[in-house]
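> A predicted structure for the sequence below; I have some questions about it.
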Amino acid sequence: MALIKTLNGTTPKIGDNCFLAETATVIGDVEVGDNCSIWYNAVLRGDVHYIKIGKNTNIQDNAVVHATYKKSPTNIGNFVTIAHGAIVHGCTIHNNVMVGMNAVVLDDAVVNSNTIIAAGSVVTKGTVVESGCVYAGIPAKKIKEISKELLEGEIVRIANAYEMYSGWYKK
């Protein structure tokens, strides 16, 4: 069973039909929407500010979601993929976004909808990521616009796949 820990009188709220891997850690002021999955060794640490996650979002293995004390909460939308080893810290990620493996999104950044943050990229503090684009590099910059095929073939496909995968573990 996942570690779900009350801290400073606040207990995480987990939506309906969610999968939390046995080694996932969810602490404090965290809200997870319906049909989400939090995978192995992922950490959602709502100790210094809140973390809110929408529905049908997956936080994959070894990802870290945190915030900045009394300054920058973390808000993650619906149908978002936070891939293996990513760090999401004190930022806002809107709907239909994929944050690639080992990517980092830092404080006060805003990642608008229908966007991909490429694997290994760093979205620096305060960056506003344009909707419908792929951002890559260190620091992350716009490299192209997202085609309908890329939106449906990657962002939507992966979000739906992780809902299916989590179903295997709920049996």
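Ah, there it is.
> only C-alpha atoms for contact and neighbour calcs from this point on.
Noted.
> for the protein, longest strand please?
Ordering each strand of the chain by length in residues (DSSP state E) puts strand 43-53 first.
> and Met98, what does it touch?
Contacts for Met98 (Cα atoms under 8 Å, 6 or more residues apart in numbering) come out as Val80, Thr81, Ile82, Ala83, Thr115, Ile116, Ile117, Ile155.
> that one belongs to a helix, doesn't it?
No. According to DSSP: H, G, I helix; E, B strand; the rest coil, Met98 belongs to no helix; its state is strand.
> bridging residues for it?
On the basis of DSSP bridges, Met98 is bridged to Thr81, Ile116.
> confidence score at it?
Model confidence at Met98, given as pLDDT, is 98.
> any idea how far it lies from Thr127?
Distance, Met98 to Thr127, using Cα to Cα, to the nearest Å: 16 Å.
> that older thread, how far off centre is the helix or strand following the longest strand of the chain?
Once strand 43-53 ends, the next helix or strand along the chain (criterion: DSSP states H and E) is strand 58-59. In terms of Cα atoms, centre = their mean, to the nearest Å, the centre of strand 58-59 is found 6 Å from the chain centre.
> which outside residues touch strand 58-59?
Residues from elsewhere that reach strand 58-59 (Cα under 8 Å, 6+ apart): 36-39, 42, 79-84, 159, 162-163.
> I'd like to know which of those are part of helices.
Ala159, Tyr162, Glu163 (DSSP state H).
> what count of nearby residues applies to the first one?
As a burial measure, the neighbour count of Ala159 was computed by other Cα atoms under 10 Å and equals 24.
> cheers, nothing more for now.
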